[in-house]
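1. Predicted model and sequence below, questions to follow.
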Amino acid sequence: MKKFLRLPAADLIFAVISFSASFTILTLIFSTILVLYNESSLAIHKFGLLNFIFTVDWDPVKEVFGAAASLYGTLITTVLALSIAVPVSIGIAIFLTEISPHFLKTPIGIAIEMLAAIPSIIYGMWGLFTLAPIMAEYIEPALQSVFGDIPVVGKLFEGTPMGVDLLTASIILSIMITPFIASISRDSFNLTPDIVKESAYALGATKWEVIKDIVIPYSKLGVYGGIVLALGRALGETMAVAFVLGNKHQITPSLLDAAATITVTLANEFTEADTDIYLSSLFYLALILFILSFTILAVAKFFLLRAEKHYQR
Amino acid sequence: MDLKTKRKIKGNIALLLSTFAAFMGLFWLVFIIFDVLRHGITALNLELFLEDPAPPGVPGGGLRNAFVGQFLITSVATIIGVPLGILGGTFIAEYARGTVFAKVISILSDIMVSVPSIVVGTFIYALLVKPFGHFSGWAGAAALAFIMVPVVLRTTEDMLKLVPWTLREAAFALGASYFRVIKDVVYRAAATGILTGVILAIARIAGETAPLLFTSFNNSYFTTNMNEPIASLTVTIFNYAMGPYEDWHEKAWAAAFIITVVILIVTVTSRMIIHWRYKS
């Protein structure tokens, strides 16, 4: 503090102004939590926390609201999207760092980053008009005929393929998050010291063995960070899934059925909420989503910071 | 089969799969962009920019209201968000460099960059829509500014940290105050980077839909009054694409085409500028 008081006047003023500006970040975070909590207090008092989370009903007429269906949709789309995106992204990162000829690295790298720059509403619209019909006509019937008769797996593919369902939404989501994981993994792979790789080659390891046993273990913290970051993004993604999920509050084993996520519920119902408890429940959902994604993103940041320290050594 | 061949085959399969993954990523990009171009170009015409929407179901008309609304909301958000972001970034990269406070703000900003944008919409709704009883352009701009501040703050911090410390010491040695050093030396050295970062941030918020859904809402009439609900391209795309009319779908594609092309061109050029400027 003393250090600041000795500054010349112009300096002091500028320091104070810029300090207040940096303080807005803290203000924004705390006021978001406070305002959302305040707005949802009605629903919190009426439904409680556990009861709200585990109630499937979402009935504006009877004024009974529960988050279970939305949470279920969020969970399924996110998990499914990650399980598609993680292997693909790591494959892309391996290609870009170890396989690709030099002249292809930059253009493919830029192309992957372009995929990240496309606004999510474009993904959503493309999903509705292009991907959903393809899914309904070709891919989903094919999946049904292959897996439909297998006892447990078959349950995943029950129902009429409409294209507006959990599976389509998850695929769009996976395309959206692939660039995040791929670019962070690529940057981490690039940081593996050549000398370590060369030692492995000298022992007679094949290229794949070097990648699998040297590069990936060496850069795993960065890769974890990228995956968790993508998880945080996927949880909060709205427009890409709003078009193709159907906003139906139900818990269904079938991936070919409409569902709702927290974000889709908010996007579709916020302006329609006509009673106080309805609006308050929506705010409650928003609060849960904020805390959930904030925590997950903090974990991602933790991994990435650890990774940074690790590479500096 | 001996162990050596087995290892080689296994390796080749894995490498092949990786190559396949990379081309799958490319495939999606080409697929999406090609689709947007294909549908978008055929729907483009001059009326799109010059006329307001026709009544629902009636063909014709344009999206002049949405273009103007989008421009207004984005501009106001930029005017609020950019100074806050740059000043905040300056504080943590200069005055507070190396302190715990700087570290905390930097980490929290990084988290806020990825926080769900729809939550920002609900927050602004509670703050600026509910108390006034109506949606407004100001609320939409505030929501976008909220998203912009952490993005600009982090870019500014990174860009200022790239300016070598010796440059500042040289200015200090001439007797300049820290404020003069920041204003005349550090900002000049980092100008390209900060400006490009700002442009990237504008491109980012220009594509946002979720925070506008219940802040600026939508308006099928032309207005420049920020105190009223105001149309934006992204919300218009959402409503039109979900709507029942073929004509609406075409307009949604046209709007999607324009947004995608502008954002991609701006993003790629900015990234190339940063890459080229800070190559070493």
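-> Great, that's in hand. Quick caveat, the model's predicted, so the values are computed rather than measured. Residues are numbered from 1 along each chain as shown, chains lettered A, B, ... in the order given.
2. and residue 189, how many neighbours?
-> Using chain A here. By the other CB atoms under 10 Å in any protein chain shown criterion, the neighbourhood of A:Phe189 contains 21 residues. For the C-beta atoms, the positions are set from N, CA and C on the backbone; glycine is no exception.
3. Oops, wrong one, chain B.
-> Residue neighbour count, defined by other CB under 10 Å, stands at 16 for B:Ala189.
4. hey, which helix or strand in chain B has the poorest pLDDT?
-> One helix or strand of chain B scores below all others by mean pLDDT, DSSP states H and E: helix B:47-50, with a mean of 88.
5. in that helix, what's buried?
-> By neighbour count, and taking 16 or more other CB atoms under 10 Å in any protein chain shown as the criterion, the buried residues in helix B:47-50 are B:Leu48.
6. Distance from the chain centre to whichever helix or strand comes after that helix, please.
-> Past helix B:47-50, further along toward the C-terminus, the next helix or strand under DSSP states H and E is helix B:64-90. In terms of CA atoms, centre = their mean, to the nearest Å, the gap separating the centre of helix B:64-90 from the centre of its chain is 10 Å.
7. So for the very next helix or strand once past helix B:64-90, mean pLDDT?
-> Once the chain leaves helix B:64-90, the next helix or strand it forms, by DSSP H and E, is helix B:100-114. Across helix B:100-114, pLDDT averages out at 95.
8. then helix B:100-114 to CSV, C-alphas only?
-> Listed in CSV are the C-alpha atoms of helix B:100-114, where the atom choice follows Å, rounded to 0.1, in the frame of the first residue of the first chain:
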residue,chain,number,x,y,z
VAL,B,100,-1.3,-13.0,-5.6
PHE,B,101,-4.1,-10.6,-6.5
ALA,B,102,-2.9,-10.6,-10.2
LYS,B,103,-2.7,-14.4,-10.2
VAL,B,104,-6.2,-14.7,-8.8
ILE,B,105,-7.7,-12.3,-11.2
SER,B,106,-5.9,-13.9,-14.1
ILE,B,107,-7.1,-17.4,-13.2
LEU,B,108,-10.7,-16.2,-12.5
SER,B,109,-10.8,-14.4,-15.9
ASP,B,110,-9.7,-17.6,-17.6
ILE,B,111,-12.5,-19.4,-16.0
MET,B,112,-15.0,-16.7,-16.8
VAL,B,113,-14.0,-16.9,-20.5
SER,B,114,-15.6,-20.3,-20.6
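9. So which residues make contact with that helix?
-> The set of residues external to helix B:100-114 that reach it, using CB atoms under 8 Å, 6 or more residues apart in numbering or on different chains, is A:22, A:25-26, A:28-29, A:229, A:232-233, A:236, A:293-294, A:297-298, A:301, A:305, B:88, B:91-93, B:96, B:149-151, B:153-154, B:157.
10. Give me the buried positions along it.
-> Buried-residue list, helix B:100-114, by 16+ other CB under 10 Å: B:Phe101, B:Ala102, B:Ile105, B:Ser106, B:Ile107, B:Leu108, B:Ser109, B:Asp110, B:Ile111, B:Met112, B:Val113, B:Ser114.
11. so what secondary structure elements neighbour the helix or strand where B:Trp253 lies?
-> Element membership for B:Trp253 (DSSP H and E) is helix B:246-277. In terms of contact count using 3 or more CB pairs under 8 Å, 6 or more residues apart in numbering or on different chains; DSSP states H and E, helix B:246-277 is assigned the packing partners helix A:102-117, helix A:120-126, helix B:3-43, helix B:187-206, helix B:233-242.
12. so does the shortest one get close to chain B?
-> Yes - between helix A:120-126 and chain B, judged by CB under 8 Å from any CB of the partner chain, the touching residues are A:Ser120, A:Ile121, A:Ile122, A:Tyr123, A:Gly124, A:Met125, A:Trp126.
13. From those residues, list just the buried residues.
-> A:Ser120, A:Ile121, A:Ile122, A:Tyr123, A:Gly124, A:Met125, A:Trp126.
14. Any regions of the stretch 201-313 of chain A where pLDDT drops low?
-> By pLDDT under 70, the weakly predicted segments of the stretch 201-313 of chain A are A:313.
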